[in-house]
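Q: need the 3D shape of this:
(one chain, ligands or ions: 1)
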Amino acid sequence: MSKKVLVIGEARDNKLRNVTFEAIAAAKSVSQGGEVIGVICHYQDATELAKEMIFYGADRVQMIENENMKTYTSDVFAQAILQTVEEESPEAIIMGHSSIGKDLTPKLASKLDSGLISDVVEIDYNGENVIFTRPIYSGKAFEKKIITNGIMFATIRPNNISPLERDTSRSGEISKREVELSDLRTVIKEVIRKTKEGIDLSEAKVIIAGGRGVKSKEGFEPLYKLAEVLGGAVGASRGACDADYCDYSLQIGQTGKVVTPDLYIACGISGAIQHLAGMSNSKVIVAINKDPEANIFQIADYGIVGDLFDVIPILIEEIERV
Ligand code: FAD
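A: Alright, predicted model coming up:
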């Protein structure tokens, strides 16, 4: 049976995040030929963002503009989206499993008294039910879930569901809605970013991750260079963060970010179970480690036994040559 599905879009620096396009593709599977409605909360005119959502498959888009939406707070976004849900009565809601998605969706689900399936990596339809697949036990197993009553609410893990082809000939209604905000408890005045600007770790297709083997802050420089030539982002083990070689925002693993890039290059990382929990579902894993017995080689598709400070410059040189 076809369904009306709401997709909550996410923008950063006036650009939609990739996971929004992946969420639209996921919504298409869930809708089974029904209507996919994008919703975008923004602090200024969001028409260009709304058009992009349509080019990637949304049938129509509702823009909610408010000066309080420059920086995300669950208070403001939840109030705005709940008003849209009330107006549209969707049968399903999909959003990316980003930091915002992880924060916002439980609040919405509790207000709507609906279930929530988080961190979905696959969506199937068996002719009767939509089946959501999500990893459990730090990625060691997968469970398949269906929602039998109420709104189907799910967040999807970035880099797992392919977006539809961008088609600029697609068109759809773009409407603007006013939002009535009341009793705002939090107002963010300024955001100070600690990390270098660049590709978002959770959405990066290529990640170069450094561990304690990188040995210092300066030791990360070759990793940044390799990330630059491969168009990727830099991540880290907790060992490297604890040693103050880099900021905790780069940490990957059980208590850090969970990533699934196409290519993960682990440099000077031993492969502790808590680190593997955040990256073992990467599509191709390359490990560079001078210890041939390092655990990381157990899950690596390609292993290079050697000193990372010798290996990385050779890799950069070879990649720049092609
Ligand atoms: P190490 O284990 O010290 O490994 C360094 C590696 O570098 C070694 O294999 C060594 O052979 C290699 N090396 C050294 N020099 C070179 C060189 N010049 N060239 C090449 N290789 C070299 N860890 C995480 O990463 N993420 C988490 O989210 C996380 N959460 C945790 C949660 C809990 C509750 C606990 C208890 C631990 C957690 N940890 C986490 C920590 C985890 O157990 C490990 O301590 C940590 O991952 C080790 O980091 P590492 O691999 O960089 O360091």
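Q: pairing partners for the helix-or-strand element of the chain with minimal mean pLDDT, with directions?
A: Counting by mean pLDDT, DSSP states H and E, the chain has its least confident helix or strand at strand 11-12, which shows a mean of 90. Next to strand 11-12 in the sheet, as set by DSSP bridges, lie strand 15-16 (antiparallel).
Q: what mean pLDDT does the strand it pairs with have?
A: Looking at strand 15-16 alone, the average pLDDT works out to 94.
Q: so how far is the ligand from the closest residue to residue 17 other than its chain neighbours?
A: Residue nearest to residue 17 in three dimensions, not counting chain neighbours: residue 10, with 4.7 Å by C-beta to C-beta, 6 or more residues apart in numbering. Any C-beta I mention is one placed from the backbone N, CA and C, and that applies to glycine too. According to C-beta to the nearest ligand atom, to the nearest Å, residue 10 stands 24 Å off from the ligand.
Q: thinking residue 10 is in contact with residue 99, fair?
A: No - contact criterion C-beta atoms under 8 Å: residue 10 and residue 99 do not qualify, at 9.7 Å.
Q: neighbour count: those two, which is higher?
A: residue 10 (23 against 13; other C-beta atoms under 10 Å).
Q: so what's that one up against?
A: 16, 17, 19, 20, 95, 96, 98, 100, 101 (C-beta atoms under 8 Å, 6 or more residues apart in numbering).
Q: between those, which is nearest the ligand?
A: When the contacts of residue 10 are compared for distance to the ligand (C-beta to the nearest ligand atom), residue 98 comes out closest, at 17.7 Å.
Q: give me phi/psi at the closest one?
A: Phi and psi for residue 98, reported as degrees, to the nearest 10, are phi -100, psi -180.
Q: burial measure for it, as a count.
A: Using other C-beta under 10 Å, residue 98 has 24 other residues around it.
Q: can you pull the pLDDT of it?
A: Reported pLDDT for residue 98: 93.
Q: check contacts around it.
A: Contacts of residue 98 by C-beta under 8 Å, 6+ apart are 10, 17, 19, 158, 202.
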